[in-house]
Structures are given as C-alpha cells and as structure tokens.
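Student: sequence plus predicted model, see below.
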Amino acid sequence: MGSQRIDQPAKDIAAHQARSGPPGGAAAPQPPVLESATREIAKATLVPVAEQAAEPGHVLVKSGFMRQLGLRAEEAETLGGTQRGAPAQALTLAARFGPAAGSAVPPSPRQIAALPVSALRSLGDAVVELRGRRAGEAGPDDAEPARDAWARALVATQTFAINTAQGPLGMLNLERLEMAPAGVERGELIATVPLAPLEETAVVQKEWSVRSKEFTSIVTDSLEQFSETGVTDNTELAQSTSSQTQHSNQFNVTGTVSGGIPVISGSASSGFTMQDAGSQSATESRKHAKSLTQKASTRSQQEHKVTISTSTVTGSEVATTRTMRNPHDDRSIRIDYFSMMRKWRVRLYRYGLRLTYDITIPEPGATLRGTFRDLHLLRAQLKPFEFRVNREDITKGSYKQLADQYDARVPEYPDAGKTIVCNEPIPGLGEGNRSFRMPVPVPDNYEIESVTMAGRVTGPSGKGFVMGIVGSTFDVAGQPDQNYPPFLLISRTGGNFLAGQRGSQSITMYFADVVTATLEFRATTKVTADAEERWRSDVWDALFDAAQTRYYAQQQDVATQIAALEDQLARVDTLTLRREESDEIMKSVIRFIAGEKYQYMTDDVVSVFAKASSDESGGSQSRYGIGFVANKLTDKISDVEY
C-alpha cells in the first residue's frame, strides 16, 4: 500500500467549493442524463385467460399425447378387441404415431381435433393397464424395458389429463425496464477536517473488506435407558385329591413223589405258582392364583455433544494518504467529506401483447437424470465373478464353441486311437509243442479296444496241427495248410480280447506240430477315461482363466466409466445445471409438438460441434468450452487469439 502527497491544496479547496455549490445558495444545474449508458432489462407479465375450451380441438395436446404414448403394433392388436366406438378410432389414429409406423402419413389436424378427449383418456388408461400387466410378467432380461414403457405411458396419460383439464390460453405482456444514470448527488456527511491558518495536516483514507467463513462440525451421542419395577401381591388357593386301589392274589401248588427198589430208585417233583396283582392310583390337583401387580418405570436420557468449529477470515485493505494545508494566514477553513450517490432514471415500457398456450412438461429434468440411471446400471454390473460352465459340459463337440465364446486357447482333443499292427516273424516252429509272445506296445493315454487276427498256418505234410491264443476263445485244430481271414478275437469272459489293457502288452500263442505261421494282429485303441478327464480339466482351467481375465477387464472398464460419470456429475456447477434445465425444457416442448423424430440440427452441424469440442492436441478445450472463439471455429488451443 502506498501513499500519495498532494501539493496543490488550492485546487482541492476549489474543487470542494465547486461541489458545495456557488455562493449565495443558488441551485446547482442538474447534470444531463447519460442516454448512452442506459441499461435495459427485458421482462414479461403473464395474465391467464379464464376460458373453457370445447371438446373438439386441443390438436397440439392430443398429437403430443399420442406421440409420447408410442403405441406399438402388437399392443394395438391386443387392444383392438376391447375398444369400441370412439376409443377404437383413437386407437387407430394413435397406432399411426407408433414406432412401427415408419413412413406412414400421420393423421391430419382435422382428424385429431375431432377425437374426444374422453376417448384418448380411456385409451391411455388401457395402455397403462396392458403395459403394467406385461411388466409384471416379464422375465429378468425384459423387466427393465417393460417398466420403462409402462412409466412412459403413465406419465403421458397423466400429462394429457392435466393439459385438458383447464384452458391453456393466456396473455403475455412484453415489457422493457430502462435504467439510465442521471447524475451524481451528494450524500451524507462522512468526516470533517478543520484547518487553522497556515495549518498543514495529513489525511489517511482507508478502504477495507473482510470475508469470513466458518465451518462447524457437531457430533451428538445420545443414550436412552428405560427401567421398570414391578411388585406383585399373590393370593393362592390349592386343592388336591388322591385315591389308590390295590388288589393281590397268589396261589401255589407243590407235589413230590419218591420210591425205589433195591437196585433202582427214582424221584419226581412238581410245582405250580400263580400270582396276580392289580394297582390303581389317581391324583387330582387344582390351583388358583390371583395376583395384583403394581409397576413403576423410570426413563433417563444421557446426551453428549462435541462441537468443532473452524473460522477463516480473509481481508484486504487500501490506504491513501493526502496532505492538506490552509493557505490563508488570517482565517481558518473546514474540509468536509461526503458520500457520493448515483442518481438513476427508471422507466417501464410496455410494447407488445402476445397470446400464450400453456403446455405441461412432465419431468423436464428426466434427460439430465439419464446420467444417474447409467451410473446405477454400471454399479449393478460390479459383482463377484461367476463361472457357470461345468466340467460335464465340455465335450468333443462343444469345447471349440466354448473356446470361441470366451476367447480362450484350449488344448486340442486327443487324437483318435491308432491301430497297432503286430506281425513279427515267429521263429523255431516245427513238430512238437512251441509257444511265442507277440509284443503289443500301447501308447500312453490309450487303451486297447479290440484285437483282430489274420494270417496263414501250415503243418507237417499229411498231418494236422493245433494252435491257440492264451486268454481268448481261439483254440483250433487245423489242416496242414490253413488261411485265416481277419476276424475279431474274443476273450474267455465274453468281451473283446485284451479290452481295456494299457502299456506294454503281449499276445501269447501256443503251437503243436506247426511248421510255419505268418500271423498279423491289429489292435485298435481309444483314449483312456483318465486322459479324457485330464484334457477336460485342462480345457476347463483355460476357459476359467480366459473368462476371469475378460471379466476383470470388463470390471475395470466399468469402474473407469463409473469414475468418469461421477467426475462429470461432481464438476457441474449450479449455474450450468440451471442452463441445461432450461435447454431441456425447450427440447421437451419441441418434442411434445413435433415428435421424437424431430432433428434438432443436421449431422454436419453436429460434426462441427464435435470437432470444436474435441481435444486432439492434448489441451482442455472440451472441459473449458473454448472451442468457439468469436466467429471462428478452431480445434487447437494454440489457435485461440486473445
């Protein structure tokens, strides 16, 4: 803060005398009105016109109602059998406003005006009832769209009832308020500075402003207790009756016979016992109590409050120092400080009269709340990971489809079982008994399904031979020269020979009087159940990992969208919300009159706005809204001229 010294006190005094007016008390001339500094405020006054419209008419309201209703073709077909007379005509015209109407020509204003209001109200109630019933029967995937359609029909019907219940006409007086500065007047006395002859003094003038901000946090803990005490006076009357009856009967018979001769003696004994006892007991007790209780209760409440206050005070001060001196040596002077007041000339002009038509706009902020709905739907997607594919669902025919569904890399199904050919030469044959083992190497993860044999066996000239395979039913006595076409070997238990065997196996053959034997065994194999289960587990693990990775990526994307929406909602100030609400009201009026298919701007204009609001250069145009500068479009922040 600085100070300024004024070395021209004479000019100050002259200026003071000029403000005080000319000597002799003559009135000062009035300053002219500054027309160039006139300020105008446009305003309007609405005066409703009390009138009751006739039944025909309301073309805008009726057409807007049918557009908002959005009657679908299947709904019109369902309601076609229940609507008769005027409601049926209203149903026919409303179907031409539906989403499935396409390029159909809408009804003429004359047809819309002729529709009774009661018929349209009846149609709206029927559509609300139909959509409400379908919303209750809809499945989880269709519940949300069904409820939205029901709510849209309900709002459209209620709005139509409000718009047709009273006259929408009114008169709007257009007015203009003009305020022009008409000079400056001296106000109240602020300070007086007396000066003696040749006296010099310094006057310090200070202007300051203070801004105070206080934040108070109050925490209150409340505890309430209730106790009850009871005193009981008890009078008891008891009566008891007991009776007992007992009967006992006992009968005993005992006999003994003995005898003998000098060589043989004998003895016999016999006994009989019978006992009968009976007992009966009965007890009866009665008790009667009469109590009188007196109760006393107390209630106590304990409260603890903690208050924390923080206060912030910011201020600014400007000081000006002026030096004043009385130039006269024979008289004293006085310098007065007065507040200066602006004088305004205010005029009200009424320059026009307009006829108004009232339209009730239901939920003008519904579009603005669309962000909250998107936020709610996104938050509903944040849930724990669930993998609904069971191991039993993974088969040879379905695993590739599941891999494409979850974008997973899965192991291929094991190759089909190979055919093992065993045709090693059999040495050392001749007359007598011989045996030979033919090895059958079975690959890992495979087992034998069946074995076939083919070949030729010869014996000594003019003499037969015997040949067999251990464990199979093949045991024959052949001719000297015998050919065997391919045939299936059967085990002694009735199944395929060596079926289910794994690893290194062998076929044991025995020969009797066989000279030569050229045999070939073909063992067909298949994948083992354990190997197929391991493959199924590997496929399930790969599908699980891919699904979990994709799910977490989707969850991260959803979380990013939620954060962006929350930031968007938090950054909008109150003034912007009010402006957006006003814009939405205007859009709702246009949508009410022209329908949902009305195009607010062409695609070229939309692309220009998008280009101006983009941020390709890394700046912050889209956030601060500086894409439009004067009458020039720019897409780079460096192009902005200040």
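Tutor: Sure, I can see it. Bear in mind the structure is a predicted one, so any value in this text is a computation, not a measurement.
Student: my guess is residue 454 meets residue 485, correct?
Tutor: Yes: using CB atoms under 8 Å, residue 454 makes contact with residue 485 at a distance of 6.0 Å. All C-beta spots, glycine's among them, are computed from the backbone N, C-alpha and C.
Student: and those two? Which one has more around it.
Tutor: Taking neighbours as other CB atoms under 10 Å, residue 454 and residue 485 compare with residue 454 leading, 15 against 8.
Student: show me what the more buried one is bridged to.
Tutor: residue 520 (DSSP bridges).
Student: now swap in residue 504 and tell me
Tutor: residue 441.
Student: distance of it relative to residue 531?
Tutor: Between residue 504 and residue 531 the distance is 17 Å, computed by CB to CB, to the nearest Å.
Student: ok, now residue 551?
Tutor: From residue 551 to residue 531 the distance is 30 Å (CB to CB).
Student: at which residues are the helices of this structure located?
Tutor: Assigned by DSSP state H, the helices in the chain fall at 9-20, 59-69, 73-79, 86-95, 109-114, 117-137, 143-165, 370-380, 399-406, 529-571, 574-594, 603-613, 621-624.
Student: can you redo the ones you listed as CSV with mean neighbour count, distance to residue 31 and mean pLDDT?
Tutor: CSV is the format used below for the helices of the chain (neighbours: other CB atoms under 10 Å; distance: least, CB to CB, whole Å; pLDDT from 0 to 100):
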stretch, mean neighbour count, distance to residue 31, mean pLDDT
helix 9-20, 13, 13, 43
helix 59-69, 23, 54, 83
helix 73-79, 15, 74, 80
helix 86-95, 20, 68, 76
helix 109-114, 15, 60, 80
helix 117-137, 18, 63, 86
helix 143-165, 17, 55, 83
helix 370-380, 12, 55, 85
helix 399-406, 15, 85, 86
helix 529-571, 14, 48, 88
helix 574-594, 13, 37, 79
helix 603-613, 12, 47, 72
helix 621-624, 13, 43, 50
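Student: mind putting these in CSV, distance to residue 49 included?
Tutor: As requested, those are exported to CSV (distance: least, CB to CB, whole Å):
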stretch, distance to residue 49
helix 9-20, 55
helix 59-69, 16
helix 73-79, 37
helix 86-95, 28
helix 109-114, 20
helix 117-137, 19
helix 143-165, 16
helix 370-380, 36
helix 399-406, 66
helix 529-571, 42
helix 574-594, 20
helix 603-613, 38
helix 621-624, 46
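Student: quick one: closest of those to residue 178.
Tutor: helix 574-594 (25.2 Å; CB to CB).
Student: need the contact partners of that closest one.
Tutor: Taking contacts as CB atoms under 8 Å, 6 or more residues apart in numbering, the residues outside helix 574-594 that touch it are 60, 63-64, 67-68, 359, 361, 364-365, 367-368, 598, 600.
Student: show me which of those residues is closest to residue 433.
Tutor: Closest to residue 433, out of all of the contacts of helix 574-594 and judged by CB to CB, is residue 367, at 100.3 Å.
Student: quick check: that closest one vs residue 97, distance?
Tutor: With CB to CB as the criterion, residue 367 and residue 97 are 21 Å apart.
Student: so for these two, which residue has more residues nearby?
Tutor: The neighbour comparison of residue 367 against residue 97 (other CB under 10 Å) goes to residue 97, with 22 against 15.
Student: out of the helices of the chain, which gets nearest to residue 41?
Tutor: So among the helices of the chain, helix 574-594 is nearest, using CB to CB, at 17.9 Å.
Student: quick one: that closest one to chain centroid distance?
Tutor: Distance of helix 574-594 from the chain centroid (CA atoms, centre = their mean, to the nearest Å) equals 26 Å.
Student: and the angle for that helix with helix 143-165?
Tutor: 80 degrees (axes from the mean of the first three to the mean of the last three CA atoms, to 10 degrees).
Student: could you give the angle of helix 574-594 to helix 59-69?
Tutor: Taking the same axes, to 10 degrees, one finds helix 574-594 and helix 59-69 inclined to each other by 100 degrees.
Student: thinking again about what came up before, out of the helices of the chain, the one nearest residue 208 is which?
Tutor: Nearest of these to residue 208, taken as CB to CB: helix 9-20 at 24.0 Å.
Student: any idea of the pLDDT on residue 298?
Tutor: According to the prediction, residue 298 has pLDDT 68.
Student: you'd agree residue 407 is up against residue 546?
Tutor: Yes: counting by CB under 8 Å, residue 546 is a contact partner of residue 407 at 6.0 Å.
Student: and residue 515, how far from residue 508?
Tutor: According to CB to CB, residue 515 and residue 508 sit 20 Å apart.
Student: so these two - more neighbours on which side?
Tutor: A side-by-side neighbour count of residue 515 and residue 508, using other CB under 10 Å, places residue 515 first with 17 against 13.
Student: quick check: the more buried one vs residue 484, distance?
Tutor: 16 Å.
Student: residue 529 now?
Tutor: 33 Å.
Student: now do residue 87
Tutor: 91 Å.
Student: residue 349 bridge partners, please.
Tutor: residue 176.
Student: go ahead and confirm residue 543 touches residue 406.
Tutor: Yes: counting by CB under 8 Å, residue 406 is a contact partner of residue 543 at 5.3 Å.
Student: farthest-separated two in the contacts of helix 574-594?
Tutor: 63 and 368 (25.6 Å).
Student: show me this protein divided up by domain.
Tutor: According to automatic domain parsing, the chain comprises the domains 59-166, 202-257+267-325, 424-527, 609-642.
Student: from the opening residue of the third one to its closing one, how far?
Tutor: Which is domain 424-527. End-to-end distance of domain 424-527: 25 Å, with CA to CA, to the nearest Å as the criterion.
Student: that domain - what's its average pLDDT?
Tutor: Rounded mean pLDDT across domain 424-527 is 84.
Student: what separates it from the chain centre, distance-wise?
Tutor: For domain 424-527, the distance to the chain centre is 71 Å (CA atoms, centre = their mean).
Student: figure out which of the helices of the chain is closest to residue 180.
Tutor: The closest of the helices of the chain to residue 180 is helix 9-20. By CB to CB, the value is 22.7 Å.
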